[in-house]
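[1] Provided below are the primary sequence and the corresponding predicted coordinates.
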Amino acid sequence: MMIDAHQHYWRLDRGDYGWLTPSSGSVLFQDYMPDLLKDELHHNGFQGTIVVQAAPTMEETTFLLQLCDKEETLMGVVGWLDINASDFEQHYLRFRSHPRFVGIRPTFPDISDGEWGHHKQLIHNLSILAEDDCPVDLLVRPPGLAKMAKLLSYVPNLPAIVDHLGKPDLSGKSDQLWADGLRAIAKFERTSCKLSGLATEGEFGNRRSAQVIQPYIQHAIQVFGSSRLMFGSDWPICLQAGRFTEMRSMIEEALSHYLSTEEIDHVFGHNAVRIYGLQ
């Protein structure tokens, strides 16, 4: 089974996508719904996707879950919840009752000193997720990886997933910060990582090749192992650099230098089924 573990759908008239403006570019500033992706999924042999939040609202999470009720290729929703809220558990349990709700991608506060222990409500809420084996996606850049590793020391059993390979600088200028941070997170056995968002990292529209991303993929394999990696197209964000098929080919080619065919198959589906607990 082939699963795209990271893509997005949105409808602009919902009004909670603050980052989506005309200046975002004509490619992104339009509606993206399942009918625009289905043909490419089937053409590439994918049975389904996991759709990830694109707005920091519970209303969008509800919208995505409603899409799941209508769209057979939608296998799971990674929604949004206020990870700092005192009523977090109430809303979490409400969403968790939906069979396609498979995780959250919250907005973490900017902790300059990395002292997460002062944020007791946040730690408590993450502990609820860890106890319930609910994955948490982490959208973080290299300077924040070490901070996230420190946060995980408070909830070591949390199934945390690093999105977009931790957004490395593909120019190679600050590899060490990224490499060390990713390794620190990977030390926690319940963590995993998505091979996604690499084509558009840096200047939008700047195409990436398998050769460029290969050293970063190699490091991810070294620290996480093949069983904790997942493919994500990051569609439609990826359209700034290439189509879905190109994203799939780029990651597959980079992986082929290090992994067997069976291991690559797991990165492209089986791992996502296991890590997100897809039904």
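    Okay, I see it.

[2] secondary structure class for G76?
    Following DSSP: H, G, I helix; E, B strand; the rest coil, G76 is assigned to strand.

[3] Around it, count how many other residues there are.
    Residue neighbour count, defined by other Cβ atoms under 10 Å, stands at 27 for G76. Backbone N, C-alpha and C define where each C-beta goes, glycine included.

[4] Surely it is in contact with I275?
    No. Between G76 and I275 there is no contact under Cβ atoms under 8 Å: 10.5 Å.

[5] what sits against the residue lying closest to E89 once chain neighbours are set aside?
    Spatial nearest neighbour of E89, excluding adjacent residues (Cβ to Cβ, 6 or more residues apart in numbering): I128 at 5.6 Å. Each residue near I128 by Cβ atoms under 8 Å, 6 or more residues apart in numbering is listed here: 88-89, 92.

[6] hmm, 10 Å instead?
    88-89, 92-93, 134, 155 (Cβ atoms under 10 Å, 6 or more residues apart in numbering).

[7] Just the buried ones among these, please.
    88-89, 92, 134, 155 (16 or more other Cβ atoms under 10 Å).

[8] In this protein, where is pLDDT below threshold?
    For the chain, the stretches with pLDDT under 70 are 174, 202-208.

[9] Give me the most central residue, it.
    The centroid of the chain falls nearest to D163 when counting by Cα atoms, centre = their mean (3.8 Å).

[10] Go ahead and confirm it touches D137.
    Yes. Applying Cβ atoms under 10 Å as the test, D163 and D137 come out as touching, 5.3 Å apart.

[11] and for these two, which residues touch both?
    5-6, 52, 78, 105, 194.

[12] Now intersect these with the strands, please.
    Residues from those lying in strands, with DSSP state E as the criterion: 5-6, 52, 78, 194.

[13] Of the residues you listed - the most surrounded one?
    A5 (31 neighbours).

[14] mind checking how far that residue is from L126?
    Separation of A5 from L126 (Cβ to Cβ, to the nearest Å): 21 Å.

[15] dump the residue contacts of the residue nearest to the centre of the chain.
    5-6, 52, 78, 105, 137-140, 193-194, 196-197, 230, 232, 234.

[16] what do you get if the cut-off is 8 Å, keeping everything else the same?
    D163 touches 6, 52, 105, 137-140, 194, 196-197, 232, counting by Cβ under 8 Å, 6+ apart.

[17] now swap in G172 and tell me
    Applying Cβ under 8 Å, 6+ apart to G172 gives the contacts P215.

[18] can you start the count at 49 instead of 1 from here on
    Done: numbering now begins at 49, and the last item shifts to G220.

[19] Surely it forms part of a helix?
    No. G220 sits outside any helix when classified using three-state DSSP, being coil.

[20] Which parts of this protein are helices?
    86-91, 106-118, 136-144, 168-179, 190-200, 223-234, 258-272, 292-303, 309-313, 319-324 (DSSP state H).

[21] How about I233, nearest residue that isn't a chain neighbour?
    Closest to I233 by Cβ to Cβ, 6+ apart is A197, at 4.8 Å.

[22] I'd guessed the one you found sits against G214; true?
    No. At 10.8 Å, A197 and G214 do not qualify as touching, with contact defined as Cβ under 8 Å.

[23] Just want to know which of those two has more residues nearby.
    G214 (26 against 21).

[24] Next, the contact list for the more buried one, please.
    Contact analysis of G214 by Cβ under 8 Å, 6+ apart lists 188-190, 193, 226, 229-230, 233, 241.
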